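Enquirer: Provided below for reference: sequence and predicted model.
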Amino acid sequence: MSIILLDIGNVIASVDFLRFCRGVVLSDSSSDLQAVYRKYCQGELKIKFDQGIIAPLDFLCMIGRDSLTGNMSHGEIRERWQDVFSPMEGVEECVVALCRDHKLWIMSDTDPLHFAFLLTRYPLLRERERYYLSYEHGFLKSSPEAFQHVLNDTGIAADEFILIDDKPVNCSSAASVGIKSIRFATWPETIRALASL
C-alpha cells in the first residue's frame with residue numbers, strides 16, 4: 001500500500017484568484033486587477049504567506065491598506081480571499097477509490113486562511129492521517145526540501161510515496177529525492193496512471 005501525497009489546488013479544487021481580485025479592486029481597470037493579482041496572488045508576498053512568514057492578519061491588513069482595493073473590513077477581505085475554489089470534476093468518487101488501496105496524506109502549498117476554508121468546504125480533506133502544509137513547515141513543493149522534510153519526519157522510504165500534483169516543478173522536486181509522481185490533468189487520467197505504476 002503506497003502513500004499518496006495529494007495536492008489540493010487544481011487537483012481537489014480549482015483555484016481562481018481573479019475572483020478574489022474582482023472582489024477587492026476598486027476600479028474596473030484591468031491594469032489595476034492585474035496589479036493586485038501580481039502583488040497578492042503570485043510573487044514574494046504570496047510565497048511568504050504560504051511559508052508562514054507573514055501572519056494572516058498582517059496579510060489582510062496589507063490588502064486593506066492598498067490604494068487599489070476598496071474600503072473593506074478584514075472579514076470581507078478574508079471572505080473574498082477564501083472564496084476562490086471550486087471542486088474538480090469527479091474528485092469525491094476518485095478520492096474514495098484512492099483510499100481503498102492507498103494511504104492518503106495531504107501535501108499543499110497553502111496559507112492558513114485557505115486551508116481553514118477548504119477544511120470546512122471539502123469534507124474529503126478532513127481526518128487524514130497526515131497533513132504537510134507549507135505554512136506550517138516553511139517549505140514550498142518547488143523545493144526538494146519540502147519532500148526531504150516528509151522523509152525525515154516520517155522515516156519512511158521515498159519509494160513508498162507517490163505525489164499527485166498539477167505542477168511539473170513540484171513533480172521534479174519530488175523526483176530529486178526519489179519520490180515518484182503523477183502530473184495531474186484530470187481524475188480519470190490520474191487513476192489510470194496510478195494503476196500503471
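Expert: On my side now, so go ahead. Residues are numbered from 1 along each chain as shown.
Enquirer: Can you name the helix or strand that the residue lying closest to Ser142 once chain neighbours are set aside falls in?
Expert: Excluding the flanking residues, the one nearest Ser142 by C-beta to C-beta, 6 or more residues apart in numbering is Val169, at 4.8 Å. Where you see a C-beta, it was placed from the backbone N, CA and C, and this is true even at glycine. For Val169, the enclosing helix or strand under DSSP states H and E is helix 168-176.
Enquirer: Run the chain-centre distance for the helix or strand that that helix is followed by.
Expert: Note on helix 168-176: by DSSP H and E, the next helix or strand toward the C-terminus is strand 180-183. When C-alpha coordinates are averaged (C-alpha atoms, centre = their mean, to the nearest Å), strand 180-183 and its chain have centres 16 Å apart.
Enquirer: Okay, now the sheet partners of strand 180-183, with direction.
Expert: Each strand that pairs with strand 180-183, with its direction, by DSSP bridges: strand 161-165 (parallel).
Enquirer: can you give me the angle the strand it pairs with makes with helix 168-176?
Expert: In this structure, strand 161-165 runs at an angle of 170 degrees to helix 168-176, with axes from the mean of the first three to the mean of the last three C-alpha atoms, to 10 degrees as the basis.
Enquirer: and the closest residue in space to Gly52 that isn't next to it in sequence, how many neighbours does it have?
Expert: With sequence-adjacent residues excluded and distances taken as C-beta to C-beta, 6+ apart, Gly52 is closest to Tyr135, at 3.9 Å. Here the number of neighbours of Tyr135 (other C-beta atoms under 10 Å) works out to 22.
Enquirer: So Tyr135 sits against Phe49, correct?
Expert: Yes - between Tyr135 and Phe49 there is a contact under C-beta atoms under 8 Å: 7.4 Å.
Enquirer: So which residues of this structure form strands?
Expert: Across the chain, reading from the start of the chain, the strands by DSSP state E fall at 3-6, 13-15, 85-87, 103-108, 131-133, 161-165, 180-183.
Enquirer: ok now the fifth one, how far from the chain's centre?
Expert: Think strand 131-133. Offset of strand 131-133 from its chain centre (C-alpha atoms, centre = their mean): 10 Å.
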